[in-house]
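Novice: what follows is a predicted protein model with its sequence.
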Amino acid sequence: MKHLRAINQKARRIDDHVASQTDDVVALQGPPQGQQRPHVPMGCSLVFSPGWEVDSAGGTAGLCQPVERDLYDCYITCYWPAQVPDHLNNYPDWTAKCAAATKDWRNIDLVFP
Amino acid sequence: MNQYRLGEFHPFGGGRFLYLVPSAGIFELDDACRAVLSRLEKGEASREELAAIAGPDVVDELHQAHAITTNGFSPQLQQPPADFPLQTLVMNLTNQCNLSCQYCYEFGEDKVATPDGKPKFMDFETARQSVDYLLTSSEGRRAIHITFFGGETLMNFPLLKQVVDYASKKAAEQARAIDFSLTTNATLLTPAIIDYLSENRIGVTVSMDGAKESHDQFRVFANGRGSYDIIEPRVRALIKQHKTRPITARVTMTSQAMDVLGTYKHLKHDLGFHEVGFAPVTTSPNRLYSINESGLDSVLDQFRSLADEYRDHALRGKHHGFSNVSDTLAELHQGVSKSHPCGAGLGLVGVGPSGDIAPCHRFVDSDDHKLGHVSTGLDRARVSDFLGRGHINTKTDCSTCWARPVCAGGCHHEAYVRYGDTGHPNLHYCDWIRGWTGTCLEIYAAIVEHNPSFLQHFADRKAA
């Protein structure tokens, strides 16, 4: 809030609640509205993502990458509740050969635990 | 077309701050907000008119915070969950006392206890069951608390030691923190007891009514002799030797002992208590020692003088021992909005020597207020009746009072003594509560303005 300044702990909770009701979606373009907070653009539509959900005909027969490699999208770029290789401990080099996803997606390793 | 009107709040700090009701949020206003509120003081207005004064975003913000409203209704507080976890158990080790204070709520003319035929001293088996009851009923809380009470607590000191040993061991097994405190009249303190209390970090509150003249008015032995001379050296030794927890004094004010400033000065500066808290005696209005309305006004004036002293200390970043201010500031800073006046029957229960569970220590040994037994747990129907009566939503008289977030109708026990119903609002001290809360809000405003870092002291202080 710009005109009311939260002073005690309860007021800060009210402030947060109001912000969560009114400020939770921030447009990427357009004039600044309200207090600008740090935010991270999220979601599949904002990153290069070789089409893997449907093909050009709306089916799955002609997907542009092998279905085994779909999970690359679940690895970093997009939240999706799927298993991905454990890149912290066991497969740290899982994506080492994939320098740029637009060109190198065919080089992503398959992992067979 | 929606018409806007003022919501419920108490302005303070020269109109710069709002204490919102019932949320208990405290906000500082800018000039645009003040312009909207001062327009609405004259009556309802349309959104267009208000937006023309200060801009639509000001109207939206005030509306979102419920400082202005379109329907005139304040949100209602909900019932606390039925399985509210226990935090504090007040254990009455004995209902016996070696003093005969006339105003005593346990033995005096307004007593609610019915101790006939019940044990006078708690035994270890009952105490053990009480500790187990506390541990199982406080699931999910990392830290729990036992307060030892009486009667005179130290008349059953051997049991206190057994309970500390047993409860510490059981809490450690569950990797939980437990701490202890006790209230005493100080007559039975010995160097060995003081050492034990200090070594085990047991907090001590001494019931003491000031210097000899006021203390001996009511705090007397059975033969009428005052207890001041007996306790004075013991209190000095306690404060000198017990360094692990702050030592506090708890003063009961009566019509014969209303000298707040003198009492504070004696207890804080002459004897050296860390904090001093005051409360008017709980009594029916016709007792000689009852403080009447003009007496309460005089007490409030003295409270205000002492509160001014507190404020001056706070602005210099110094501790002041007037705990009534600290307790209220903690509630205001945290923004406590109570469905019930205190934790009785929710996070706190009292247990008598027989193992009967009462809403708090003041109802211990009263058959009418028994909520269960430590061996069998709570009688849910009785708890529900007690909490249902005490809920702020049932107190129609309170529904228009701006101080209800901190008061919620006031002490259940006081209400029972005055009005015969634990759920009756304590109408005899409404003006006092509003006056005192207003005073503390002004202190809060001064601290916010001149020394805001001081408020950190209240972020975690247990709200009374």
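Specialist: Arrived safely.

Novice: how close does B:F121 sit to chain A?
Specialist: For B:F121, the distance to chain A (C-beta to the nearest C-beta, to the nearest Å) stands at 43 Å. For every residue, glycine as well, the C-beta is placed using N, CA and C.

Novice: so what's that residue bridging to?
Specialist: On the basis of DSSP bridges, B:F121 is bridged to B:T94.

Novice: can you pull the contacts of it?
Specialist: The neighbours of B:F121, taking C-beta atoms under 8 Å, 6 or more residues apart in numbering or on different chains as the test, are B:93-94, B:96, B:155-156, B:159, B:353.

Novice: how near is it to B:R176?
Specialist: For B:F121, the distance to B:R176 (C-beta to C-beta, to the nearest Å) stands at 28 Å.

Novice: related to what we said a few turns ago, tell me the buried residues within the contacts of B:F121.
Specialist: Among these, those classed as buried by neighbour count (16 or more other C-beta atoms under 10 Å in any protein chain shown) are B:93-94, B:155-156, B:159, B:353.

Novice: now, the most widely separated pair of these?
Specialist: Largest separation among the buried ones among the contacts of B:F121 by C-beta to C-beta: B:M155 and B:P353, giving 11.1 Å.

Novice: what sits in contact with each of the two?
Specialist: With C-beta under 8 Å, 6+ apart as the test, B:M155 and B:P353 both reach B:93-94, B:121.

Novice: looks like B:A211 contacts B:H266 (just checking).
Specialist: Yes: B:A211 lies in contact with B:H266 (C-beta atoms under 8 Å); the separation is 4.4 Å.

Novice: by contact count, what packs against the lowest-mean-pLDDT helix or strand in chain B?
Specialist: Within chain B, no helix or strand scores below helix B:456-459, which has a mean of 88 by mean pLDDT, DSSP states H and E. Packing partners of helix B:456-459 (3 or more C-beta pairs under 8 Å, 6 or more residues apart in numbering or on different chains; DSSP states H and E): helix B:323-334.

Novice: run the chain-centre distance for the helix it packs on.
Specialist: 10 Å (C-alpha atoms, centre = their mean, to the nearest Å).

Novice: then stretch B:132-144?
Specialist: 22 Å.

Novice: can you name the residues in contact with it?
Specialist: Under the contact criterion C-beta under 8 Å, 6+ apart, stretch B:132-144 has outside partners B:85-89, B:146, B:167, B:170-171, B:174, B:176-179, B:351, B:357, B:374, B:377.

Novice: run a quick neighbour tally on B:N2.
Specialist: 10 (other C-beta atoms under 10 Å in any protein chain shown).

Novice: surely it touches B:E48?
Specialist: No: applying C-beta under 8 Å as the test, B:N2 and B:E48 come out as separate, 10.5 Å apart.

Novice: mutual contacts of these two, please.
Specialist: Residues touching both B:N2 and B:E48 (C-beta under 8 Å, 6+ apart): there are none.

Novice: show the pLDDT at residue 30.
Specialist: Let's take chain A. In this prediction, A:G30 carries a pLDDT score of 54.

Novice: please go with chain B instead
Specialist: Value for B:D30, per-residue pLDDT: 96.

Novice: what's the single longest helix in the chain?
Specialist: Because you didn't say which chain, this covers chain A. If you go by DSSP state H, chain A has its longest helix at helix A:9-22.

Novice: hm, I was asking about chain B
Specialist: Chain B, longest helix under DSSP H: helix B:293-315.

Novice: mind listing what's buried in that one?
Specialist: Across helix B:293-315, burial judged by 16+ other C-beta under 10 Å covers B:296, B:299-300, B:302-304, B:306-307, B:310-311, B:313-314.

Novice: and it, how far from the chain's centre?
Specialist: With C-alpha atoms, centre = their mean, you get 18 Å for helix B:293-315.

Novice: which other residues reach it?
Specialist: Under C-beta under 8 Å, 6+ apart, the answer for helix B:293-315 is B:253, B:255, B:258-261, B:264, B:278, B:280, B:291, B:319-320, B:322, B:324-325, B:429, B:431-432, B:435-436, B:439-440, B:443, B:446-447, B:450-451, B:454.

Novice: tell me the predicted confidence for the one residue in the stretch 101-250 of chain B that gets nearest to chain A.
Specialist: Residue of the stretch 101-250 of chain B nearest chain A, by C-beta to the nearest C-beta: B:A143 (19.3 Å). What the model reports as pLDDT for B:A143 is 94.

Novice: point me to the residue of chain B nearest chain A.
Specialist: Residue nearest to chain A within chain B: B:G335 (2.1 Å; C-beta to the nearest C-beta).

Novice: let's see the pLDDT reported for that residue.
Specialist: 96.

Novice: tell me how far the nearest residue to it once chain neighbours are set aside lies from B:Q334.
Specialist: Nearest residue to B:G335, sequence neighbours excluded (C-beta to C-beta, 6 or more residues apart in numbering or on different chains): A:K10, at 2.1 Å. A:K10 is 7 Å from B:Q334, where distance means C-beta to C-beta.

Novice: the more surrounded of the two?
Specialist: A direct count of neighbours by other C-beta under 10 Å for A:K10 and B:Q334 places A:K10 higher, at 22 against 18.

Novice: what's the pLDDT at the more buried one?
Specialist: pLDDT, A:K10: 96.

Novice: what sits against it?
Specialist: So A:K10 contacts B:23-26, B:334-337 (C-beta under 8 Å, 6+ apart).

Novice: in helices only, show me these.
Specialist: Per DSSP H, those map to helices at B:Q334.

Novice: are any of the contacts of A:K10 buried, and if so which?
Specialist: Buried members of these, scored by 16+ other C-beta under 10 Å, are B:23-26, B:334-337.
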